[in-house]
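Undergrad: output the structure for:
(chains A and B)
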2 protein chains.
Amino acid sequence: MRLFTLLAATAAILPLALPAAAAPLDANTINRIADESFNHSQVMQTAAHLTDQIGGRLTNSPAMREAERWTQEQFRQWGLSNVHKEGFDFGRGWWIERASVRMTGPRPLQLRSIPIAWTPGTSGALAAPIVVAPMADEKDFADWKGKLAGRIVLVSYPAPPKDDTSAPFKRLSDADITKLDQYRQPVNDSSTEADKARYERTMFPRKLDAFLKAEGAVAWVRMSTRDNGLVHGTGYNYQVGQTPALPGVEVAAEDYRRLARLAKVGPVTLEIDSKVHFEDADTKAYNILADLPGSDPKAGVVMAGAHLDSWVAADGATDNAAGSSVIMEAARILKAIGARPKRTIRFALWSGEEQGIWGSDAYVRAHFATRPLNPDAELAALGPSFNSRTYPIRKLPDYEKLAGYFNIDNGSGRLRGIHAENNFAAVPVLKDWLSPFKSFDASTVVTQRTGGTDHVYMQSVGLPGFQFIQDPLDYDSRTHHTDVDTYDHLRAEDLRQAAVILASVLLSAANADEPLPAAPLPTQPVDTDPFHYRNPADK
Amino acid sequence: MRLFTLLAATAAILPLALPAAAAPLDANTINRIADESFNHSQVMQTAAHLTDQIGGRLTNSPAMREAERWTQEQFRQWGLSNVHKEGFDFGRGWWIERASVRMTGPRPLQLRSIPIAWTPGTSGALAAPIVVAPMADEKDFADWKGKLAGRIVLVSYPAPPKDDTSAPFKRLSDADITKLDQYRQPVNDSSTEADKARYERTMFPRKLDAFLKAEGAVAWVRMSTRDNGLVHGTGYNYQVGQTPALPGVEVAAEDYRRLARLAKVGPVTLEIDSKVHFEDADTKAYNILADLPGSDPKAGVVMAGAHLDSWVAADGATDNAAGSSVIMEAARILKAIGARPKRTIRFALWSGEEQGIWGSDAYVRAHFATRPLNPDAELAALGPSFNSRTYPIRKLPDYEKLAGYFNIDNGSGRLRGIHAENNFAAVPVLKDWLSPFKSFDASTVVTQRTGGTDHVYMQSVGLPGFQFIQDPLDYDSRTHHTDVDTYDHLRAEDLRQAAVILASVLLSAANADEPLPAAPLPTQPVDTDPFHYRNPADK
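TA: Now for the predicted structure:
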């Protein structure tokens, strides 16, 4: 199958090979997996430890370090092999000890807020008048030059609230799942222009911080992108030497809009009192890996992964203690039932996902395939997304060994099927492996590709990386990166179901006659929009 | 019509009188009202001042005092007559200067919280280990005796989260409105037993505070009744001499459940730092009244009212700056168009509604009708709900003068019609008055009665008090008594529409040949459930 892939890369005229015969897992084995997951589950204990005990696991924070230690300890206690961590360059650690934002004039009011990740604290209470100066682009700086000295600057446009007319908690209907089976063509736009736009978005917060500092502003406030009081605190200046000069806080939309309205009428003063800490003892982030050894060392590896890191506003429960706990539970279950697969099954807990999918990209580059960095060194330093469309891709010795990768990163919802990720040849194989799970409403295979998480840099070098379909629950509407991403929002029955399916699919993949069929090895694509002009009005 | 009412009280066998002929308002007048409301609206400026500038208006707080002053000033500026306040005995004022609740162990975490109204502050940071001791009833105290000394006590049962599967923001469909047209029979249960149950609910927080104090607990924490981080801070021990001994705070459901889970595993410590203030200079609360004088002093009065007081978590926008602003806007509009009604139109902004509908009850007792207090003095002191089913009702001279009362207290949603409040004779009259507003989808009249706000003690003495049907928007799902009840959640188009309809209905009522037909004068009802036994399991 890999042979076919190689030829296809150079001779696309070859007919599609028929998929390898793939049998579903034998029913007795599924029974033992289900018994272990439903009658002896540890998945909620694992999730509770990661969320309640450890809490938000910002990359390189003390909490993430503890999660790196504890997850390895768990894998070892469960009898997994080759348990270890693999480091990659990332940046600083950061955590919040305490934080308060209050309006002190025209009237006293405690606001709902959170410090923005990797911004400095205030060293005591910082009180100052505000100025509402929405800036989305360097061009906007001119409007505010000379007007910000000594001010706390509200940098967001106070966008009006939305009427929230859809149910926050959702499960997928059959119709919803049918809609998912839509092929999405890859968009191969001019890489330099796409990079440039992304570069501007990435660099703007740094330029804004420098501008505010130069103007003598004392702190800045951003508005939450959600209504009903939820806050996030996401920030991206985590690299050594890139820490912002000014404290930045995110304030709930309702509180931010009130400040903006009051500022139209008269003076408004804020008091920010935040104590945060940076950690620089080790600027490497670490992926955690554990093996269930295969009986045939030459047969290769099947992998499952989820990111262990999270944002800092709450406990990173649905994003992604849920996926991490299911990965760990599948490992525990397969060990507990004494599974002896042909291929090694490797479990990965990634780091640095929230800041740009660093961990899984580093693993791919270390083990499977390398590609040139972006020729622009400044862009290259900004992370994997700036280095993912360079060619040629050079395979490493282990490239042929990866027989399949399965990612979980869409909250706590039960699995409803899998995305074949535009890989037509994988569809019938995945259908066979999911065929025992019709009674779980989990046997759907759709071609549609997905992005934004740890399978994408497998795909971008042609490796067979896949992500499951999950019921959304309240992931998109409430918990994603917010201060209510807590254990409460997990659903035990869903996570136990996911562990059964993941363990079963991994065992099927590990014992299959053939590795999962890969898509053709990516080569420099043709620009699908060669006559495009960028509209200056587009931000 | 009043004559009929009087006779009906003593001779219920009389046939229902036919309603008085009632004509809709002439179209030219409606045009002038609409022009004033849609082209010269002040309703959002009024709402912004009450919410953003003044903020939460807890009864007798400095903010409520400012609202009492400012609303009178507005009425005077707009040229209303007889603008004044009328006081009634209430209790203490209370407000929050600053508040913070943090978990300090097993890890540091800022929690979403609010001090509970009328509980004392902490005079500095108060740190202590927690104990989870859910108590719903005096009987539960025995379980915790001797176990609470030096602890911050979590007194709520950590109820599991709900799957939020309905849209938070709703407008009423025609089908929804049709469903509203359901007569609700009054439930006349044994008053002593109903009072006893309500008495226990009212007294429990006092008994709990005394128990916690006696046990040497240092503070208590309650769980929010909503998920997704919303908090309320409602509390009811506002009377002089009833202030709780211990600081009490409400914590977001997600945060509370986390504390409760952690406490199952190991020690948990909290730090509460709240600075609150009591105001005792004046223990009277005040209703605000303003008149548009009628041309015929003998013709009587038509009233419209809304409560100006609010809870303290946010700015009391949808509950009830919305209603207050519509009442004020209707007054402004009618004055601005030079309306000269036959009857005086009186605008009322009530106080003490959130603590038990004190203000409108006091007004009824001062002007319209008295009834004996509850023979049990302890019950009588607890407020209007304990004194609303005593007989006989004695009419005061002004009783016959009230030709109709219209209440607004259901958020910011546009008016969709009106509840006839089980008063069949009023239905055709109200239909006539709303008939011009079909194009607003606002001409529905339903018999169904409503409760819980300032028209109920008019009804309870037989006066014609009514409440409008409104689109709910996100009132029930998000803003009602919560920390996101802010100006953002108001809808300008809805409030402008409401002002047009209220002004028009008031003018129709003020100029009608006959007052609105009242229901029969209430007399001691027959117990509808004479064979009822109370189930001890019912709380």
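
Undergrad: alpha carbons only for contacts and neighbour counts from here, please
TA: Will do.

Undergrad: run a quick neighbour tally on the residue lying closest to residue A:415 once chain neighbours are set aside.
TA: Nearest residue to residue A:415 in three dimensions, chain neighbours excluded: residue A:470, at 4.5 Å (C-alpha to C-alpha, 6 or more residues apart in numbering or on different chains). Neighbours of residue A:470 under the rule other C-alpha atoms under 10 Å in any protein chain shown: 23.

Undergrad: what does residue A:513 give?
TA: Neighbours around residue A:513, by other C-alpha under 10 Å: 14.

Undergrad: picking that back up, thought the residue nearest to residue A:415 was touching residue A:419?
TA: No: under the criterion of C-alpha atoms under 8 Å, residue A:470 is not in contact with residue A:419, lying 10.2 Å apart.

Undergrad: chain B contacts on chain A?
TA: For chain A, the residues in contact with chain B (C-alpha under 8 Å from any C-alpha of the partner chain) are A:52-54, A:96-100, A:102, A:106-110, A:112, A:160-161, A:163-170, A:228-230, A:254, A:257-258, A:261-262, A:478, A:483-484, A:486-489.

Undergrad: redo that, cut-off 7 Å
TA: Proximity of chain A to chain B is confined to A:52, A:97-99, A:108, A:110, A:161, A:163-170, A:228-229, A:254, A:258, A:262, A:484, A:486, A:488 under the rule C-alpha under 7 Å from any C-alpha of the partner chain.

Undergrad: separate out the buried members of the residues you listed.
TA: With burial judged by 16 or more other C-alpha atoms under 10 Å in any protein chain shown, the buried subset of the residues of chain A next to chain B is A:52, A:97-99, A:108, A:110, A:161, A:164, A:167-170, A:228-229, A:254, A:258, A:262, A:484, A:486, A:488.

Undergrad: from the residues you listed, which land in helices?
TA: Judged by DSSP state H, the subset of these located in helices is A:254, A:258, A:262.

Undergrad: closest one of those residues to residue B:440?
TA: The closest of these to residue B:440 turns out to be residue A:254 (C-alpha to C-alpha; 29.2 Å).

Undergrad: can I get the ones in helices among the buried ones among the residues of chain A next to chain B in JSON lines with pLDDT?
TA: Shown next, in JSON lines, are these (pLDDT from 0 to 100):
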{"residue": "A:254", "pLDDT": "98"}
{"residue": "A:258", "pLDDT": "98"}
{"residue": "A:262", "pLDDT": "98"}
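
Undergrad: format these as TSV; extra columns: distance to residue B:358.
TA: Conversion of these to TSV gives the following (distance: C-alpha to C-alpha, whole Å):
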residue	distance to residue B:358
A:254	30
A:258	30
A:262	32
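
Undergrad: for chain A, which residue gets nearest to chain B?
TA: At 4.2 Å from chain B, residue A:167 is the closest residue in chain A, using C-alpha to the nearest C-alpha.

Undergrad: can you tell me the closest non-neighbouring residue to that residue?
TA: Leaving out its chain neighbours, the residue that sits closest to residue A:167 by C-alpha to C-alpha, 6+ apart is residue B:167, at 4.2 Å.

Undergrad: quick one: residues contacting that neighbour.
TA: With contact taken as C-alpha atoms under 7 Å, 6 or more residues apart in numbering or on different chains, residue B:167 is in contact with A:164, A:165, A:166, A:167, A:168.

Undergrad: can we see that at 6 Å?
TA: A:165, A:166, A:167 (C-alpha atoms under 6 Å, 6 or more residues apart in numbering or on different chains).

Undergrad: ok, what's across the strand from residue A:220?
TA: Residue A:220 forms beta bridges with residue A:153, residue A:248, as assigned by DSSP bridges.

Undergrad: quick check: it vs residue A:209, distance?
TA: Residue A:220 sits 9 Å away from residue A:209, going by C-alpha to C-alpha, to the nearest Å.

Undergrad: tilt between the longest strand anywhere in chain A and strand B:93-105?
TA: Secondary structure of chain A per DSSP state E: the longest strand is strand A:93-105. Orientation of strand A:93-105 against strand B:93-105 (axes from the mean of the first three to the mean of the last three C-alpha atoms, to 10 degrees) gives an angle of 170 degrees.

Undergrad: what residues does strand A:93-105 touch?
TA: A:60-61, A:109-111, A:118, A:268-279, B:108.

Undergrad: cool, and stretch A:44-54?
TA: Counting by C-alpha under 6 Å, 6+ apart, A:63, A:315, A:317, A:321, A:325 sit against stretch A:44-54.

Undergrad: contacts only, for the third one.
TA: If I follow you right, that is residue A:317. Residues counted as contacts of residue A:317 (C-alpha under 6 Å, 6+ apart) are A:51, A:485, A:486, A:487.

Undergrad: most widely separated two among these?
TA: A:51 and A:485 (9.1 Å).

Undergrad: remind me which residues of chain A are low pLDDT?
TA: For chain A, the stretches with pLDDT under 70 are A:1-22, A:190-192, A:538-539.

Undergrad: biggest helix in it by residues?
TA: The longest helix of chain A (DSSP H) is helix A:191-215.

Undergrad: next, the buried residues of that one.
TA: A:195, A:205, A:206, A:207, A:208, A:209, A:211, A:212, A:213, A:215.

Undergrad: in the stretch 201-350 of chain A, which spans are strands?
TA: A:219-223, A:248-251, A:269-279, A:284-292, A:301-307, A:344-350 (DSSP state E, counting those that start in this stretch).

Undergrad: could you dump the ones you listed to a markdown table with distance to residue A:466?
TA: Formatted as a markdown table, the strands of the stretch 201-350 of chain A follow (distance: least, C-alpha to C-alpha, whole Å):
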| stretch | distance to residue A:466 |
| --- | --- |
| strand A:219-223 | 35 |
| strand A:248-251 | 35 |
| strand A:269-279 | 34 |
| strand A:284-292 | 18 |
| strand A:301-307 | 9 |
| strand A:344-350 | 14 |
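
Undergrad: with mean neighbour count and distance to residue B:290 as extra columns, can I get those in a markdown table?
TA: Converted to a markdown table, the strands of the stretch 201-350 of chain A look like this (neighbours: other C-alpha atoms under 10 Å in any protein chain shown; distance: least, C-alpha to C-alpha, whole Å):
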| stretch | mean neighbour count | distance to residue B:290 |
| --- | --- | --- |
| strand A:219-223 | 25 | 40 |
| strand A:248-251 | 28 | 39 |
| strand A:269-279 | 20 | 35 |
| strand A:284-292 | 23 | 68 |
| strand A:301-307 | 27 | 63 |
| strand A:344-350 | 27 | 67 |
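
Undergrad: one step back: out of the contacts of residue A:317, who has the most neighbours?
TA: residue A:485 (32 neighbours).

Undergrad: just checking, residue A:251 touches residue A:110?
TA: No: contact criterion C-alpha atoms under 6 Å: residue A:251 and residue A:110 do not qualify, at 10.7 Å.
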